[in-house]
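Student: Provide a 3D model corresponding to the input given below.
(chains A and B)
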Amino acid sequence: MKSFSKMVYPYIVWAFVMIVLPMVMIVLYAFTVKGNSVLTFQFTLDNFARFFRDTIFPTVLWRSLKMAFITTGLCILIGYPTAYIFAKMKPNNQAIMILLVTLPMWINVLVRTYAWRGLLGYVDLSTEMRVYVGMIYNFMPFMILEIYTSLSKIDPNLIVASHDLGANDAETFRRVILPLSLPGVVSGITLVFLPAVSSFFIPKFLGGGQYVLIGNLIEDYFITSGDWNFGSAISLIMAIIILISMYVMRKLDHENKEVLD
Amino acid sequence: MKKQSLSKILLISSLGVLTACSGSGSSGSEETKDAKELYGCSVINVYNAGEYIGDGVLNDFEKMYNAKVNYETFDSNETMYTKLLGGSAYDVLVPSDYSIERLIDEGMLQELDKDALTNLDQLDPVSVEMQKAYDPDLAYAVPYFRGSVGLVYNKNNVDPAVIEAKGWDILQDETYKGRVFMYDSQRDAFMVAFKALGYSMNTDDPEAIEAAYQWLIAMDKAVEPAYVTDEVIDAMMTGEKDIALMYSGDAAYVIAENEDMAYLEPYQGTNIWEDAMVIPANAGCPGLANAFINYITDYDASYANSLDIGYTAVNKQVFDEMSTDEELYGGISAYIPRDGYDKDEIFHFNEVLRQELSDRWNKVKIGE
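Tutor: Sure, this is the predicted structure:
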């Protein structure tokens, strides 16, 4: 056992270099003024004040959160029934359907988004709708896969038992299947909401440059404006909001588990 | 920054094959040199704007010098600068005028070896005159392409007389709502606003900045433009919208492919610019880098570059041929950027201005 525990060390080094160090850099940038040399830091809260001084940046943040919420909601609405239908199919057909859902993911997301731009060019849609189509298309597979996995893990005997005890189909779904599949929905939400809230290339390519989200702002401040300090501050504000929503999700998940137990 | 579309590459590749063939005829007669023997190293790292070089140009150089060129591209001068700060080592860079000015100021470039640059006499005097604006001693740079910024418009849907009379103000005319592409660059957008209002594009006077900001907000409301970058080239070629802010080289290409389009440098004045080759102070193989710059300046490489990319050649002979031959870019006004107009300006690097503009430009785009 002892020798096995040593195998963890490379991972610790990896985690430090790849996860901790970049985070420390972002925090450092967010709290310092522009043009620091490596050794002399001048700390400031001005980057955060700048974000909230004007209504425009919080507006974009709100717009991004709203977009992520709606995308996640629609993914559940469409993804849950889809996953449910898959789970009811014969095993062979299930495998084929899951393959079909994952198939587009073999192709780079940029290429697929470009393809959508071509397709949507023939339809008269508002820029906002175009962005939604792209977002839902892109994130739906994650939701379907997560829900499908938890649905297919449900022991069929539980459903039989439910019927034996006098529950009809609707009651069985509401009181047995739905609660047991919620962990899948929760991890689906995590997989969809987090990337959706910070996505920047889908609004950029499908929104015709008329739909600025928080991810676009961060990209702009890092690359075009070269203002890494403000860009880091925006990233940090985002990270905190995501952290809070993760915490709330977990809490809900735990409460759900307690009810089941 | 001035990237070309995929379709353009495909379209032009057939031409490129022709040039490569004719090019190899002349370069084949030259003796093959050995970079290792001449300079002690045979690999250079070249960092250029995306899709900004002709077919076969690098290959021919590699053969000629028995050398290897590692070619990388950037999408904006700002990206390039960030990468340089990160410690990446290059032997040749091709930034824009204002960016070179900044690199010289910060001591990040080395002087070129004038003895190695035997082709400088082929340069167009107009280009050399422009170079004095960002490299006053003509010590650090050799011009690569030059151009202007202007409006590409569809002659069938926009009356040339109207757009010529209005100039930049056409971007505030509600008639064209939803029919305008705006280039997503704070520098170019504010240039338009400053010029429309009669200011210098190099001003950092708070009143002028505020006025330009308000002008852009009014523009955003009036025509609701789509903010785009390189995808504008394809979109204008297919005539997706009627008016677009573009660089002259891209405009020349669009017009060569779509005869309905025309190019206008508004009477209020515009930004004329030049991109040039420089060698960073920390270059690993400056000898071969100088040889590369000299090779690009020569007729063959300059011809291939300008033909494939559509930007204005700085080699005088190539420029004369390209701008007069109807089979090439003859008759396309965008190939010949306006020269000597007193309201046109070259952009100078200004860190204060850049910071002032970035928040404002984002706010214009976000709308509300």
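
Student: what does the stretch 51-200 of chain A put close to chain B?
Tutor: When proximity is defined as Cβ under 8 Å from any Cβ of the partner chain, the stretch 51-200 of chain A approaches chain B at A:54, A:56, A:59-60. C-beta here means a position set from N, CA and C on the backbone, and glycine is covered the same way.

Student: how about those residues in CSV, adding pLDDT?
Tutor: As requested, those are exported to CSV (pLDDT from 0 to 100):
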residue, pLDDT
A:D54, 81
A:I56, 84
A:T59, 89
A:V60, 90
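
Student: of these, which is the most crowded?
Tutor: Neighbours here mean other Cβ atoms under 10 Å in any protein chain shown. Within these, the largest count is held by A:V60, at 23 neighbours.

Student: show me the contacts for that residue.
Tutor: Listed by Cβ atoms under 8 Å, 6 or more residues apart in numbering or on different chains, the contact set of A:V60 reads A:212-214, A:217, B:366.

Student: mind running it again at 10 Å?
Tutor: If you count contacts by Cβ atoms under 10 Å, 6 or more residues apart in numbering or on different chains, A:V60 has them with A:51, A:212-217, A:234, B:362-363, B:365-366, B:368.

Student: one step back: redo the residues of the stretch 51-200 of chain A next to chain B as TSV? Include distance to B:A281 and secondary structure.
Tutor: Listed next are those as TSV, based on distance: Cβ to Cβ, whole Å; DSSP: H, G, I helix; E, B strand; the rest coil:
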residue	distance to B:A281	secondary structure
A:D54	40	coil
A:I56	40	helix
A:T59	44	helix
A:V60	40	helix
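
Student: for chain A, what helix or strand is lowest in average pLDDT?
Tutor: Counting by mean pLDDT, DSSP states H and E, the weakest-scoring helix or strand in chain A turns out to be helix A:2-6, with a mean of 74.

Student: I'd like the average pLDDT over the next helix-or-strand element following that one.
Tutor: Following helix A:2-6 in sequence order, the next helix or strand is helix A:9-15 (DSSP states H and E). For helix A:9-15, mean pLDDT rounds to 89.

Student: contacts for helix A:9-15, please.
Tutor: With Cβ under 10 Å, 6+ apart, helix A:9-15 has contacts from A:8, A:20-21.

Student: now stretch A:112-130 - C-alpha only, CSV.
Tutor: What follows is stretch A:112-130, C-alpha atoms only, in CSV (Å, rounded to 0.1, in the frame of the first residue of the first chain):
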residue,chain,number,x,y,z
ARG,A,112,-19.8,22.3,-36.0
THR,A,113,-20.5,25.9,-35.0
TYR,A,114,-19.4,27.1,-38.4
ALA,A,115,-21.7,24.5,-40.0
TRP,A,116,-24.6,25.9,-38.0
ARG,A,117,-23.8,29.4,-39.2
GLY,A,118,-24.2,28.2,-42.7
LEU,A,119,-27.4,26.4,-41.9
LEU,A,120,-28.9,29.2,-40.0
GLY,A,121,-28.1,31.6,-42.8
TYR,A,122,-31.2,30.2,-44.6
VAL,A,123,-33.5,30.8,-41.7
ASP,A,124,-34.9,34.1,-40.5
LEU,A,125,-34.1,34.1,-36.8
SER,A,126,-33.1,36.8,-34.3
THR,A,127,-29.5,36.8,-33.3
GLU,A,128,-30.5,35.7,-29.8
MET,A,129,-32.4,32.7,-31.2
ARG,A,130,-29.4,31.7,-33.3
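
Student: in that stretch, what counts as buried?
Tutor: For stretch A:112-130, burial by neighbour count (16 or more other Cβ atoms under 10 Å in any protein chain shown) applies to A:112-113, A:116, A:120, A:127, A:130.

Student: between the residues you listed, which is nearest chain B?
Tutor: Proximity of the buried residues of stretch A:112-130 to chain B (Cβ to the nearest Cβ) peaks at A:T127, which lies at 8.6 Å.

Student: for chain A, what's the nearest residue on the stretch 101-250 of chain B?
Tutor: Counting by Cβ to the nearest Cβ, the stretch 101-250 of chain B gets nearest to chain A through B:Y227 (3.2 Å).

Student: that residue touches A:P203, doesn't it?
Tutor: No: B:Y227 lies out of contact with A:P203 (Cβ atoms under 10 Å); the separation is 11.4 Å.

Student: these two: who's more crowded?
Tutor: Legend: neighbour count by other Cβ under 10 Å for B:Y227 and A:P203, higher for A:P203 (26 against 22).

Student: helices along the stretch 1-150 of chain B, start to end?
Tutor: B:6-29, B:35-39, B:57-65, B:77-85, B:97-105, B:125-134 (DSSP state H, counting those that start in this stretch).

Student: show me what the second one is packed against.
Tutor: For helix B:35-39, the contact count by 3 or more Cβ pairs under 10 Å, 6 or more residues apart in numbering or on different chains; DSSP states H and E identifies strand B:43-49, helix B:57-65, helix B:286-297 as packing neighbours.

Student: buried sites along that helix?
Tutor: B:35, B:38-39.

Student: how about CSV for the residues you listed, with pLDDT added?
Tutor: As requested, the buried residues of helix B:35-39 are exported to CSV (pLDDT from 0 to 100):
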residue, pLDDT
B:A35, 89
B:L38, 90
B:Y39, 92
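
Student: got a list of what A:I136 touches?
Tutor: Contacts of A:I136 (Cβ under 10 Å, 6+ apart): A:70-75, A:77-79, A:143, A:192, A:196.

Student: check the gap between it and chain B for me.
Tutor: Counting by Cβ to the nearest Cβ, to the nearest Å, the gap between A:I136 and chain B amounts to 22 Å.

Student: and that residue, helix, strand or coil?
Tutor: Put simply, A:I136 is helix when judged by DSSP: H, G, I helix; E, B strand; the rest coil.

Student: where does the chain dip in pLDDT?
Tutor: Chain wasn't specified; assuming chain A. Along chain A, the parts satisfying pLDDT under 70 run over A:1-2, A:35-40, A:209, A:257-261.

Student: you looked at the wrong chain, it should be chain B
Tutor: Looking at chain B by pLDDT under 70, you get B:1-31, B:368.

Student: regarding it, what is its longest strand?
Tutor: As assigned by DSSP state E, the longest strand anywhere in chain B is strand B:141-154.

Student: next one: that one to chain centre, how far?
Tutor: 5 Å (Cα atoms, centre = their mean, to the nearest Å).

Student: ok, now stretch A:153-166?
Tutor: 33 Å.

Student: stretch A:192-207 too?
Tutor: Stretch A:192-207 has its average C-alpha position 10 Å from the chain's average C-alpha position, going by Cα atoms, centre = their mean.

Student: what is the burial count for A:P183?
Tutor: 18.

Student: out of the helices and strands packed on helix B:35-39, nearest to B:S358?
Tutor: Nearest to B:S358 among the helices and strands packed on helix B:35-39 is strand B:43-49 (21.0 Å), distances taken as Cβ to Cβ.

Student: ok, that closest one: who's next to it in the sheet?
Tutor: If you go by DSSP bridges, strand B:43-49 pairs up with strand B:68-74 (parallel), strand B:92-93 (parallel).

Student: ok, and for the first one, which residues are buried?
Tutor: When burial is assessed from 16+ other Cβ under 10 Å, strand B:68-74 yields the following buried residues: B:68-69, B:73-74.

Student: residues near the residue in the stretch 251-368 of chain B that chain A sits nearest to, how many?
Tutor: For the stretch 251-368 of chain B and chain A, the shortest gap (Cβ to the nearest Cβ) falls at B:S358, measuring 3.7 Å. Neighbourhood size, B:S358 [other Cβ under 10 Å]: 18.

Student: nice, that's everything, thank you.
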